[in-house]
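**Q** what's the 3D shape of this:
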Amino acid sequence: MFNIKKQISRLYSSAVFAQLSLSGAWVAILAARGFSLAQIGFAETVFHIVSILFEIPSGVLADVFGRKKTLVISCLMRIIGNLVMVFSNNFALVCLSFAFQALNYNFSSGSGDALAYDSLKSVGQAEKFDRYASNQLVIYRVCEGLSTLTAGFALVIGYKIAYATGVFTAAVQLVILAGLVEVRLTPLAKDFNIWKEIISCFRKSFLFLKEARKAMLLMFTNSFVGALDILLLFFLQAKLPMAGIPNWALGLALLFLQMGGIVGARLILLAKKVRYRVIFALAVTVILSGIALEHTGLYLLMTLGGFMASMADDALQVRTNTRLQDMFPSEQRATLISIESFTFSVLMIVLSPLAGLFFSWW
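**A** Numbering: from 1, shown residues only. Modelled structure (predicted):
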């Protein structure tokens with residue numbers, strides 16, 4: 001008998017081990033290895049170029065072959081990416097590692113949420129998805145915070161050991177994923193044909209977006225706001241030491257940045273009656289204020305700015321995710337979530353190198 005509590009618990013546990021590592025402060029690690037902010041921004045661009053190429057196909061594969069299978073593939077890509085970084089001795093290998101990490105992101109981005117929503121819907125509990133989305137963002141922020149808290153330790157032990165921890169946690173994640181149950185609200189056709197199903201999934205997804213312009217607008221605006229927050233947090237890893245923050249306090253400051261997301265993910269659950277437009281306007285205002293605080297050059301205010309940005313971003317993310325999941329048809333759910341990630345990657349390709357230059361000159 002299908003146990004929804006075990007299913008959701010396994011998805012939570014998988015998310016924990018997907019995030020835990022000593023390489024969370026990767027910008028600081030690369031900067032300590034001697035790479036410039038411009039190079040770091042370029043490596044991030046490589047990540048998003050690969051994401052653009054494989055994001056939508058990975059979502060289609062998840063819808064056609066199963067979300068559990070693509071989550072396993074995602075985990076394998078993470079292991080390879082970490083191993084490449086362990087043995088990297090030049091910038092080209094660093095970029096290759098980022099490419100595999102992008103594939104890890106691609107194969108997991110739509111699969112987990114799609115499997116969770118359909119699992120909840122199959123037992124008549126779809127209304128609980130907003131809490132699931134909130135909990136997942138809390139897990140993400142806590143694990144990212146713990147990973148960045150060890151930033152100083154990671155710099156001491158070196159990047160090789162730091163990235164090797166990711167191989168270990170990914171192996172544990174694989175064991176957890178093995179216990180998931182594949183859920184399909186719409187059974188596969190009796191005359192199932194791989195290429196026919198893939199083409200059909202592509203066609204129906206884009207027809208949906210053509211007709212549901214509101215969903216496309218939600219994807220774009222949410223991705224843009226998220227990109228602003230993520231880029232600020234990325235470059236604060238390098239900018240805080242430049243502003244004079246003590247080495248012992250760097251990890252605590254980065255942890256504090258992530259805690260903002262936890263606050264935002266919880267606060268939004270108390271604002272269900274507040275209109276989406278109001279939430280969006282507040283989120284943009286708060287994130288821009290956070291970026292302005294980075295300009296002060298005072299590490300306490302810079303840290304506060306990062307906290308504010310992550311709080312606003314995660315609040316908006318939970319509200320947007322819930323609205324989109326309610327709009328998406330089950331058969332193309334992972335594909336459509338991947339299209340949102342695709343939109344985010346396009347924006348990041350444009351904004352990452354610009355942000356590298358911006359925060360270098362700002």
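
**Q** my guess is Gly59 contacts Asp113, does it?
**A** No. With contact defined as CB atoms under 8 Å, Gly59 does not reach Asp113; the gap is 10.7 Å. The C-beta positions use only the backbone N, C-alpha and C, and glycine is treated the same way.

**Q** any common contacting residues for the two?
**A** Ile337 (CB atoms under 8 Å, 6 or more residues apart in numbering).

**Q** more neighbours, the two?
**A** Just comparing Gly59 and Asp113: by other CB atoms under 10 Å the higher neighbour count belongs to Gly59, 32 against 24.

**Q** the more buried one and Pro246: what is the separation?
**A** 44 Å (CB to CB, to the nearest Å).

**Q** cool, Gly356 as well?
**A** For Gly356, the distance to Pro246 - CB to CB - is 25 Å.

**Q** so for those two, which residue has more residues nearby?
**A** Gly356 (24 against 11).

**Q** which strands and helices sit next to the helix or strand hosting that one?
**A** Gly356 is part of helix 333-361 when elements are defined by DSSP states H and E. Using 3 or more CB pairs under 8 Å, 6 or more residues apart in numbering; DSSP states H and E, the elements in contact with helix 333-361 are helix 37-65, helix 91-109, helix 111-122, helix 194-211, helix 213-242, helix 299-327.

**Q** lowest-confidence stretch among those helices?
**A** Sorting the helices and strands packed on helix 333-361 by mean pLDDT places helix 194-211 lowest, at a mean of 67.

**Q** what pLDDT, on average, does stretch 124-135 get?
**A** 88.

**Q** contacts for that stretch?
**A** Counting by CB under 8 Å, 6+ apart, 4, 8, 12, 113, 116-117, 120, 265-266, 268-269, 272, 317-319, 321-322, 325-326 sit against stretch 124-135.

**Q** just the buried ones out of those, please.
**A** Buried members of the contacts of stretch 124-135, counted by 16 or more other CB atoms under 10 Å: 4, 8, 12, 113, 116-117, 120, 265-266, 268, 317-319, 321-322, 325.

**Q** now, which of those residues sits nearest Asn82?
**A** Proximity of the buried ones among the contacts of stretch 124-135 to Asn82 (CB to CB) peaks at Tyr12, which lies at 22.1 Å.

**Q** please, which helix or strand holds the closest one?
**A** helix 4-19.

**Q** and Glu127, how far from Ala253?
**A** Distance, Glu127 to Ala253, by CB to CB: 37 Å.

**Q** same question, Lys121
**A** Relative to Ala253, Lys121 is positioned 40 Å away (criterion: CB to CB).

**Q** do Asp113 as well
**A** Asp113 is 30 Å from Ala253, by CB to CB.

**Q** ok, Pro57 next?
**A** The value you get for Pro57 to Ala253, if CB to CB is used, is 39 Å.

**Q** so which of the two has more stuff around it?
**A** When Pro57 and Ala253 are compared for neighbours, Ala253 comes out ahead with 24 against 16, by other CB under 10 Å.

**Q** from memory that one sits against Thr303, does it?
**A** Yes. Contact criterion CB under 8 Å: Ala253 and Thr303 qualify, at 4.7 Å.

**Q** and for these two, which residues touch both?
**A** Contact criterion CB under 8 Å, 6+ apart; residues shared by Ala253 and Thr303: Leu240, Ile245.
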